[in-house]
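In: from the sequence below, what's the structure:
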Amino acid sequence: MSNTNWALDPSHSHVGFKVKHLMFTNVNGRIGQYKVTVESGSDDFNDAQIAFTAEVNSITTGEAARDGHVMGADFFNAEKFPQINFKSTSYKKVSDGNYELVGNLTMLDVTKPVTLAVEYAGMMKDPWGNIKTAFAISGKINRKNWGLTYNAALETGGVLIGEEVSINAEIQMVKSS
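Out: Modelled structure (predicted):
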């Protein structure tokens, strides 16, 4: 069986994250510019090869001053490290519609393995004859593992920014001709 390539449908996809702020609330953000490629020989994607590249300068939290800080040397150092990359090493079925995606995530020139949960929604033909597939992806990483260590102590105890970052993505792909 030959492999099928799938291309991102950016108008029906979203990549976001959240991190604790002041120890009791969250700051939500999103990545505006990214590419996803999927190559698979099976309809359940069990053998899929998945790659993701995000443009760091497209990260936004909805607050210009904070976004500028996030692009600087305290965080992503976007000028020196303009991309975040992920390449899968395995994608396996856990139960009906649920999969485990394992791969290597590279930020700030540091590569570490990550495991993400994937809900596979199946395939469908859209009104224009395109074959689509969709995935909901979630997981958590510790930002310090990639050198994202900036923080500030709070007067009342604790820290300004949590270490754990929750990742959430809704990705829709279209079968390439």
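In: pretty sure residue 164 sits against residue 139.
Out: No - look at residue 164 against residue 139 with CB atoms under 8 Å: they stay out of range, at 10.5 Å. For the C-beta atoms, the positions are set from N, CA and C on the backbone; glycine is no exception.
In: of the two, who's got more company?
Out: Under the criterion of other CB atoms under 10 Å, the comparison of residue 164 against residue 139 puts residue 139 first, with 17 against 12.
In: that one contacts residue 114, doesn't it?
Out: Yes - under the criterion of CB under 8 Å, residue 139 is in contact with residue 114, at a separation of 6.4 Å.
In: kindly export stretch 116-129 (C-alpha atoms) in CSV.
Out: Included here for stretch 116-129 are C-alpha records, laid out as CSV according to Å, rounded to 0.1, in the frame of the first residue of the first chain:
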residue,chain,number,x,y,z
LEU,A,116,0.8,13.7,23.5
ALA,A,117,-2.8,12.4,23.6
VAL,A,118,-4.7,12.4,20.4
GLU,A,119,-8.4,12.0,19.7
TYR,A,120,-8.9,10.9,16.1
ALA,A,121,-12.2,12.1,14.7
GLY,A,122,-12.2,10.0,11.5
MET,A,123,-12.5,10.9,7.9
MET,A,124,-15.1,12.7,6.0
LYS,A,125,-15.7,14.1,2.5
ASP,A,126,-16.5,17.9,2.5
PRO,A,127,-19.0,19.5,0.2
TRP,A,128,-16.3,20.2,-2.4
GLY,A,129,-15.1,16.6,-2.6
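In: in the chain, where is pLDDT below threshold?
Out: Confidence mapping of the chain against pLDDT under 70 gives the ranges 1, 177.
In: what about the helices in it?
Out: Along the chain, the segments classed as helices by DSSP state H run 64-71.
In: could you pull out the strands in it for me?
Out: All strands of the chain, identified by DSSP state E, fall at 4-8, 14-21, 25-31, 34-40, 49-55, 59-60, 83-95, 98-107, 110-125, 131-142, 161-175.
In: now distance to residue 72 too, for these, in JSON lines please.
Out: Compiled in JSON lines, the strands of the chain are given as follows (distance: least, CB to CB, whole Å):
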{"stretch": "strand 4-8", "distance to residue 72": "28"}
{"stretch": "strand 14-21", "distance to residue 72": "17"}
{"stretch": "strand 25-31", "distance to residue 72": "15"}
{"stretch": "strand 34-40", "distance to residue 72": "21"}
{"stretch": "strand 49-55", "distance to residue 72": "16"}
{"stretch": "strand 59-60", "distance to residue 72": "12"}
{"stretch": "strand 83-95", "distance to residue 72": "16"}
{"stretch": "strand 98-107", "distance to residue 72": "15"}
{"stretch": "strand 110-125", "distance to residue 72": "18"}
{"stretch": "strand 131-142", "distance to residue 72": "21"}
{"stretch": "strand 161-175", "distance to residue 72": "14"}
